[in-house]
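Student: following is a predicted model, sequence given first.
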Amino acid sequence: MSEGITGVVLAGGRGMRMGGGDKGLLVIAGGTLARRAVLRLRGLAGVVGVIVNANRNRGEYEKLGCVVVADASGGDGNGGCAFAGPLAGILAGMRGAGTEWVLTVPCDSPFFPQTLARDLMAGAKKHSADIAVAFAGGRAQPVFMLARRSLAEDLSRFLKEGGRKIDLWYPRHSFVEVPFANADDFANINTPEDLAAAEKRL
């Protein structure tokens with residue numbers, strides 16, 4: 001297993017509040033949300049590769065030059081269970097990663113901090129934690145998570161047992177919440193109005 005961090009863009013959701021469309025392929029400032037997330041991850045300190053988790057339009061995501069993985073099941077991992085929530089995408093990313101650490105971000109948060117990987121890693125090392133979660137705006141931002149790849153088997157068991165909530169899984173392990181000053185950096189796009197507002201920020 002190599003050193004460094006594998007970034008995972010979570011683009012496997014149903015996008016119900018956007019009419020059921022594939023949110024990662026929404027266009028912002030001339031490119032898709034997924035492309036922006038991939039490029040932003042590639043620019044983070046310590047990130048040596050990027051995987052995209054997607055359950056639809058695989059060919060479009062492969063154009064980003066990344067390995068594309070569908071949601072992983074909680075069982076033997078040979079099949080996907082589409083739209084099982086972000087944990088299934090995180091598990092797929094962990095299984096596809098070749099590094100000790102995996103950093104996950106949602107495809108619909110185009111402004112996540114450029115210090116995200118560095119700060120989460122610093123928090124994990126300071127507290128000898130296996131998981132570091134971003135904390136901003138008075139609450140955890142659980143999908144912005146740095147976790148050891150070795151936790152994949154426990155995550156698989158959690159999913160197999162019917163677990164779906166990310167904030168119920170990570171307390172099973174040593175974890176730390178790492179504070180970030182600007183909650184707006186973690187804003188996500190759920191509606192066409194959100195998309196229009198995000199474009200104005202660019």
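Tutor: Perfect, thanks for sending it.
Student: can you give me the helices for this protein?
Tutor: With DSSP state H, the ranges of helices along the chain come out as 33-42, 58-62, 86-96, 116-126, 152-160, 166-169, 192-201.
Student: can you name every helix or strand that the fifth one contacts?
Tutor: Meaning helix 152-160. helix 86-96 (3 or more C-beta pairs under 8 Å, 6 or more residues apart in numbering; DSSP states H and E). C-beta coordinates here come from the backbone N, C-alpha and C atoms, glycine included.
Student: which residues of the chain score low on pLDDT?
Tutor: Applying pLDDT under 70 to the chain picks out residues 1-2, 14-20, 73-84.
Student: what's around the residue lying closest to A147 once chain neighbours are set aside, how many residues?
Tutor: Of all residues not flanking A147 in the chain, I131 sits nearest, at 4.6 Å (C-beta to C-beta, 6 or more residues apart in numbering). Neighbour count of I131, defined by other C-beta atoms under 10 Å: 22.
Student: check the one 4 residues further on too.
Tutor: Other residues near F135 number 19, with proximity taken as other C-beta under 10 Å.
Student: winner for burial among the helices of the chain?
Tutor: Compared across the helices of the chain, helix 86-96 shows the largest average neighbour count, a mean of 25 (mean count of other C-beta atoms under 10 Å).
Student: could I get the CA-only coordinates of that helix as PDB?
Tutor: What follows is helix 86-96, C-alpha atoms only, in PDB (Å, rounded to 0.1, in the frame of the first residue of the first chain):
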ATOM      1  CA  PRO A  86     -22.900   7.800   1.100                       C
ATOM      2  CA  LEU A  87     -21.400   4.900   3.200                       C
ATOM      3  CA  ALA A  88     -21.800   2.500   0.200                       C
ATOM      4  CA  GLY A  89     -19.800   5.000  -1.900                       C
ATOM      5  CA  ILE A  90     -17.200   5.400   0.800                       C
ATOM      6  CA  LEU A  91     -16.800   1.700   1.000                       C
ATOM      7  CA  ALA A  92     -16.400   1.400  -2.800                       C
ATOM      8  CA  GLY A  93     -13.700   4.200  -2.700                       C
ATOM      9  CA  MET A  94     -11.900   2.400   0.200                       C
ATOM     10  CA  ARG A  95     -11.800  -0.800  -1.700                       C
ATOM     11  CA  GLY A  96     -10.500   0.900  -4.800                       C
END
